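>>> Fold the following.
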Amino acid sequence: MQWPVWRVAVAEHSMEPSLRSGDWLLVWRGLRRGRTPRIRSGQIVIARHPDEPGLLLVKRAVRRLPDGWWLSSDNSAAEAVDSRAFGVVSEKLVQGRMLLRYRRARV
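Just a heads-up that it's a prediction; the model follows:
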């Protein structure tokens, strides 16, 4: 069984100032396995890298194209890897959309 909500850690600076390294995200994956949750332009999504499926990306869904989604980083100065480097991302590689961001308290 796949839980519809997933927890993902932000590890890079590509989405600053919206998200910072060390933030945690609650991500909606949807109720049906294998079916992509509804995504709208402007939402932050989690997707698998087209060339490295084991690598998860946290990016902004900029626009829907016939082949999939154009994904972008908020911080272009971070030299981030996004659709400018690998092109359109197939809808099947989009794993979910961000519901909530939080930061773990330091103990």
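
>>> From now on I want contacts and neighbour counts done on CA atoms only, so please keep to that.
Will do.

>>> who does the least confident helix or strand in the chain by mean pLDDT pair up with?
Least confident element among the helices and strands of the chain, by mean pLDDT, DSSP states H and E: strand 5-9 (a mean of 90). Sheet pairing of strand 5-9 (DSSP bridges) gives strand 23-28 (antiparallel).

>>> For the least confident helix or strand of the chain, give me every contacting residue.
For strand 5-9, contacts defined as C-alpha atoms under 8 Å, 6 or more residues apart in numbering pick out 21, 22, 23, 24, 25, 26, 27, 28, 29, 30.

>>> Can you give me the neighbour number for the first one?
In other words, residue 21. Residue 21: 14 surrounding residues under other C-alpha atoms under 10 Å.

>>> One more: the second one?
Residues near residue 22, counting by other C-alpha under 10 Å, number 14.

>>> for the least confident helix or strand of the chain, which positions count as buried?
5, 6, 8, 9 (16 or more other C-alpha atoms under 10 Å).
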